[in-house]
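1. below are the sequence and a predicted model; questions follow.
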Amino acid sequence: MTTEQNPQIYSDATKAKGEPVIELTDVDKFFGDFQALADINMNVGLQEVIVVIGPSGSGKSTLIRCINRLEKHDRGTIVVDGIELSDDIKNIQEIRRETGMVFQSFNLFPHLTVIDNITLAPRQVRHEAKDAAEESAMQLLERVGIPEQARKFPGQLSGGQQQRVAIARSLAMKPKVMLFDEPTSALDPEMIKEVLDVMIELAEGGMTMIVVTHEMGFARAVADRVVFMADGYIVEVGTPEHFFTNPQEDRTKLFLSQIL
Amino acid sequence: MTTTAPAPPRQTRMDWARKNLFRSWWSGLITVILVPLIVYLAYLSLRFFFVTGQWDAVRVNLTLFMQGTFPRDEQWRLISQIMIFALAFGIGLGTNSAASQDRAEDAGLDYERGSIAGTLARMWSLVAFISLLLFFASTDDLGNFINPFLVVGGGLVMAAIGYQAHRFPRRIRRVGWLLTATFLVLGFQVVSGFDAGGWLPLSIIFGGAVYGAVPVDRFDSAWLRFALRLVAIAVVVLIVQAVYRAVDSPGIGWDKWSGLHLTLMVSAIAIVLAFPLGLLLALARRSTLPALRMMATVYIEVIRGVPLITLLFMGQFILGFLLPQGTVLSAITRAIAVMTLFSAAYIAEIVRGGLQALDKGQNEAGQALGMAPPPIMRRIILPQALTAVIPAMVGQFISLFKDSSLLSIIAILEFLGVRKIIHAQPDFRSVAFAETLVFVAIGYWAFAFAMSRESQRLERRLRVTR
């Protein structure tokens, strides 16, 4: 693959991988006077896995939180699966149903059992019948490897198990895209692998994913493209082998030298 | 291999005293001053209770304390009410604790099911108060008063019968709350009457049950679901109304109630009404609509800035001018309205505190799943926020219960106000003020303490699942 420094051109080049599911064009985001996202242009194709890395405060989380409108972007356009993100609440909810999100701090509902955590949204949003929703929830729990925990409460599970429940909960809405916001950063080291394994399996199954993470091993193994962000800008985009072995930008080299 | 902790050295009484009473010269000094003082105070109270106290003022007026000026020949209504409430209590305890046990066992947690005996032990203050009543009653000439031992015994039997609901199969047990609520309303209306105008509470309860039970899941159209539910509720309300119109048996309105019965009923009604109102106010205060937010804020701040007694007087003298011409509200109705509106402001602030304390990740998780704001609030935010504020909430309920004694100032003869009648009797015209006051204080304490204990248990039980 050729080395591209302009992310926009690069994205267009990979369009062949699948129809673009997410298109960000000239997106800016401010928190007060602080510019969290600057001039973001990025396309994500169907079944593509994008890993976003960068120093803290670089806007990685803000980027994916803008995609499902947990944060409102100030300029530019965001299109998810053909729907342009606007202030229309119906639009927003439709996009949120297409995109699952997994949080750093899990954000499971502590007052509900594992199975109720998973079936809540399908029953409330899609009005699935209880039995049907529980059946598909059990299938998801089997997929993430913890069907025996179905009737427990989140507080009884380990961090790794909780995060796997959170992944199952997102998948229950049958999203087209999964957004991961540092899914392993709050985990004890011995639990990181069990969560990453689930994510790898998901990627191999063809899920479109944007993953903000510090797990470089995961990026190397699974990512189709690695996006490096700093100070709100996308600094460099490339395939993992190119990105880790032959980074072009000084900012990227500095970052990689600090973490590797 | 198991190791045991070394046995603590045997402690003699001297060691204990040295460690706890005479650790230093000043702690010894405090002990020397306090111990005689406590002994003396204990002596004074015991002498008051058993020697000098003229408890006749309480003893011969027990019925007055309990039911005040409630018509004596309608007493069967009050006794029926006690029986029905006991039944409702038993059903609620049985089904609820069995359900908690199931949930805990599913989750692999230890759980001990609540029992009537356990509940009585937990509410020992109430048991003590009732025992005191029975003691007084047993030394009194029972006369035409219905045997209080039979009433208490009957209540326990009814509670035990209701408690058998824990044997119901799991699916049926889910209607436990429905049975409990229904019997609570029926118990109330045994006194207030099943007249044609009394259909509203049961309509709300059955309507709520039907709203959840209508099988609308299979329909995709929100309008169709809404319409189906509306029709079901309308049918239920019409049936309830028809039944009430058919029975139409008037009772004793609450303008004729008094004594402890009135205190308990007024407090319960005000609590039941103030809670949803406070909840709505809290949500309004956090609303994104500025007008709504401002109205809620102004209401809450005005109410919280004015003493309850002032509001009660205003309720008696000013409320009449604000209502449409010809509307006549009894003093008690107006007092209940004022207490409800007053408590709602405080409850709103308590709920708001709970909402603010909740991690915003909970809301975000709901949003990210594509849920709309109302279900997020109902299914994710409120259950957690309300659990978190149980202690403060029960504290507010307790203070509402005790504040109901202010009604005696606006000439309503509740538990405290009954003393006016007693001390107008020739026998007790200017004697035994202390005895009647102490008795009333014990009564308030018994209920308030039981509420406080219950809130601690509720808090613990809901935390088990965290």
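-> Looks like it came in fine. On a predicted model such as this, the values are computed, not experimentally measured, just so you know.
2. for chain A, see how far away the residue most central in space within chain B is.
-> By C-alpha atoms, centre = their mean, the mean C-alpha position of chain B lies nearest to residue B:268, the distance being 5.4 Å. Using C-beta to the nearest C-beta, to the nearest Å, one obtains 27 Å as the distance from residue B:268 to chain A. Using the backbone N, CA and C atoms, a C-beta is placed for each residue, glycine as well.
3. just give the nearest non-adjacent residue to residue B:181, would you?
-> Leaving out its chain neighbours, the residue that sits closest to residue B:181 by C-beta to C-beta, 6 or more residues apart in numbering or on different chains is residue B:205, at 4.8 Å.
4. what residues of whichever strand or helix holds the one you found count as buried?
-> Using DSSP states H and E, the element containing residue B:205 is helix B:200-213. Burial within helix B:200-213, assessed by neighbour count using 16 or more other C-beta atoms under 10 Å in any protein chain shown, is assigned to B:201-203, B:205-207, B:209-210.
5. turn those residues into CSV, including pLDDT.
-> Below are the buried residues of helix B:200-213 laid out as CSV (pLDDT from 0 to 100):
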residue, pLDDT
B:201, 94
B:202, 95
B:203, 95
B:205, 94
B:206, 94
B:207, 93
B:209, 90
B:210, 90
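6. and the furthest pair within those residues?
-> Spanning the widest gap among the buried residues of helix B:200-213 are B:201 and B:210, at 15.0 Å by C-beta to C-beta.
7. mind saving the C-alpha coords of the helix holding residue B:205 as PDB?
-> The C-alpha coordinates for helix B:200-213 follow below in PDB (Å, rounded to 0.1, in the frame of the first residue of the first chain):
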ATOM      1  CA  LEU B 200     -60.700   6.900  41.600                       C
ATOM      2  CA  PRO B 201     -58.000   5.100  43.700                       C
ATOM      3  CA  LEU B 202     -58.900   1.600  42.500                       C
ATOM      4  CA  SER B 203     -59.200   2.900  38.900                       C
ATOM      5  CA  ILE B 204     -55.600   4.200  39.100                       C
ATOM      6  CA  ILE B 205     -54.300   0.900  40.600                       C
ATOM      7  CA  PHE B 206     -56.200  -1.400  38.100                       C
ATOM      8  CA  GLY B 207     -55.500   1.000  35.300                       C
ATOM      9  CA  GLY B 208     -51.800   0.900  36.100                       C
ATOM     10  CA  ALA B 209     -51.800  -2.900  36.200                       C
ATOM     11  CA  VAL B 210     -53.700  -3.200  32.900                       C
ATOM     12  CA  TYR B 211     -51.300  -0.700  31.300                       C
ATOM     13  CA  GLY B 212     -48.400  -3.000  32.000                       C
ATOM     14  CA  ALA B 213     -50.300  -6.200  31.200                       C
END
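8. which strands and helices sit next to it?
-> Contacts defined by 3 or more C-beta pairs under 8 Å, 6 or more residues apart in numbering or on different chains; DSSP states H and E place helix B:200-213 against helix B:176-192, helix B:222-247.
9. buried deepest among those helices, which one?
-> Stretch with highest mean neighbour count among the helices and strands packed on helix B:200-213: helix B:176-192 (a mean of 20; mean count of other C-beta atoms under 10 Å in any protein chain shown).
10. who in chain B is up against chain A?
-> B:103, B:106-109, B:216-220, B:225, B:359, B:361-362, B:364-372, B:375, B:379-380, B:383-384, B:387, B:465-466 (C-beta under 8 Å from any C-beta of the partner chain).
11. buried ones among those residues?
-> When those are checked for burial by 16+ other C-beta under 10 Å, the buried set is B:103, B:107, B:216-217, B:225, B:362, B:364-371, B:375, B:379-380, B:383-384, B:387, B:465.
12. all helices of the stretch 101-250 of chain A, in order?
-> A:114-125, A:130-143, A:159-171, A:189-204, A:216-222, A:240-245, A:250-259 (DSSP state H, counting those that start in this stretch).
13. packing partners of the third one?
-> Pointing back at helix A:159-171 there. strand A:99-102, helix A:114-125, helix A:130-143, strand A:177-181, helix A:189-204.
14. cool, the fifth one as well?
-> Contacting helix A:216-222 under the criterion 3+ C-beta pairs under 8 Å, 6+ apart are the following elements: strand A:49-53, helix A:189-204, helix A:240-245.
15. list the buried residues in that helix.
-> Result for helix A:216-222 [16+ other C-beta under 10 Å]: buried residues A:216, A:218-219, A:222.
16. circling back: any idea of the angle the helix holding residue B:205 forms with helix B:176-192?
-> Using axes from the mean of the first three to the mean of the last three C-alpha atoms, to 10 degrees, the direction of helix B:200-213 lies 170 degrees away from that of helix B:176-192.
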